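Engineer: Let me see the structure of the following:
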Amino acid sequence: MKRSKRYKQSVSKLDRSKQYTLGEAIELIKSLPHAKFDESVEVALRLGVNPRHADQMVRGTVTLPNGTGKTVRVLVLTKGGKEKEAQAAGADYVGLEEYVEKIQGGWLECDVIIATPDAMGVVGKLGRILGPKGMMPNPKSGTVTMDVAQAVNEIKAGKIEFRVDRNGNLHAAVGKLSFDANKIKENMLAFLDMVVRLRPTSAKGQYLRAATVTTTMGPGIALERSALLDELK
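Structural biologist: Below you'll find the predicted structure:
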């Protein structure tokens with residue numbers, strides 16, 4: 001893969017033999033050459049789980065204390081009085097049949113979809129489209145609910161959903177490079193704390209095996225695992 005001059009400059013400032021503390025890594029990513037846009041700060045974890053076993057699936061949500069730094073477009077699929085509730089809460093799009101038809105036709109100009117339980121009979125038609133994109137409303141993630149106002153408010157405030165992939169890796173964006181270092185750190189620790197809390201009881205041995213922090217266009221910076229776990233205590 002061909003790398004940009006900026007990326008190569010960033011790599012040259014890293015000690016690839018070193019694992020950094022979270023504070024050191026955040027200071028480093030803020031000091032490296034950046035793209036012209038406000039890059040996301042992302043964390044990648046390698047977990048000691050086998051997601052092919054249902055009892056070792058790590059999946060959850062967390063509300064980042066300082067938000068994500070991005071504008072999240074929310075679609076609420078509902079009907080009746082819940083439409084007004086969703087609109088009042090700040091949902092970007094509200095409706096049911098018309099949006100189901102639009103999505104079936106290729107429209108998907110939203111980031112999160114919330115649905116009320118009474119709408120799921122219609123929303124179920126979208127499983128093949130939304131499922132592979134990780135956007136299908138689900139009770140476990142709080143996106144199938146009658147309390148649409150709370151769901152919209154939480155998502156707008158910085159609630160994110162995460163799910164381990166088939167190889168035991170977990171990725172999440174935890175803020176923007178423009179955030180000050182403390183806000184990035186608080187968001188990252190909130191995410192990590194939730195992941196640790198969700199450790200499956202059937203997972204044996206070392207649970208958090210590796211952690212890396214990066215930006216959208218930057219190189220990965222390895223985190224020192226034991227120091228990271230100490231931060232969570």
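Engineer: Where does pLDDT dip in this protein?
Structural biologist: Low-confidence segments of the chain (pLDDT under 70): 1-3, 9, 13.
Engineer: ok, which stretches of it are strands?
Structural biologist: Using DSSP state E, the strands found in the chain span residues 40-47, 59-63, 74-77, 93-95, 112-115, 159-163, 169-176, 208-215, 221-222.
Engineer: could those strands go into a markdown table alongside mean neighbour count and distance to Arg197?
Structural biologist: (C-beta placed from N, C-alpha, C; glycine too.) Formatted as a markdown table, these follow (neighbours: other Cβ atoms under 10 Å; distance: least, Cβ to Cβ, whole Å):
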| stretch | mean neighbour count | distance to Arg197 |
| --- | --- | --- |
| strand 40-47 | 21 | 13 |
| strand 59-63 | 17 | 8 |
| strand 74-77 | 26 | 26 |
| strand 93-95 | 20 | 33 |
| strand 112-115 | 25 | 22 |
| strand 159-163 | 20 | 12 |
| strand 169-176 | 21 | 13 |
| strand 208-215 | 20 | 12 |
| strand 221-222 | 20 | 23 |
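Engineer: leaving aside the residues next to it on the chain, what's closest to the residue nearest the centre of the chain?
Structural biologist: For the chain, the residue nearest the mean C-alpha position is Ala172 (4.0 Å; Cα atoms, centre = their mean). Of all residues not flanking Ala172 in the chain, Phe162 sits nearest, at 4.9 Å (Cβ to Cβ, 6 or more residues apart in numbering).
Engineer: beta partners for the one you found?
Structural biologist: Taking DSSP bridges as the rule, Phe162 bridges to Gly60.
Engineer: and it, how far is that from Met57?
Structural biologist: Plainly put, Phe162 is 12 Å away from Met57 if you go by Cβ to Cβ, to the nearest Å.
Engineer: repeat for Leu108
Structural biologist: 25 Å.
Engineer: Provide a list of residues in contact with Gly69.
Structural biologist: Asp38, Ser40, Gly175, Lys176, Ser178, Phe179 (Cβ atoms under 8 Å, 6 or more residues apart in numbering).
Engineer: Check Val174 too.
Structural biologist: Listed by Cβ under 8 Å, 6+ apart, the contact set of Val174 reads Val41, Glu42, Val43, Leu64, Thr68, Ile160, Ile184, Asn187, Met188, Phe191.
Engineer: so the last one touches Ala172, yeah?
Structural biologist: Yes: taking contacts as Cβ atoms under 8 Å, Phe191 lies within contact range of Ala172: 5.6 Å.
Engineer: Find residues that contact each of those two.
Structural biologist: Val43, Ile160, Phe162.
Engineer: Between these, which sits nearest Ile221?
Structural biologist: Nearest to Ile221 out of the shared contacts of Phe191 and Ala172 is Val43 (Cβ to Cβ; 10.2 Å).
Engineer: do you know how far that closest one is from Ala222?
Structural biologist: In this view, Val43 and Ala222 are 12 Å apart by Cβ to Cβ.
Engineer: got any residues that touch both of those two?
Structural biologist: Taking Cβ under 8 Å, 6+ apart as the criterion, Val43 and Ala222 both touch Ala211, Thr212.
Engineer: thinking again about what came up before, against Val58, how distant is the residue nearest to Ala172?
Structural biologist: Phe162 is 8 Å from Val58, where distance means Cβ to Cβ.
Engineer: That'll do, ta.
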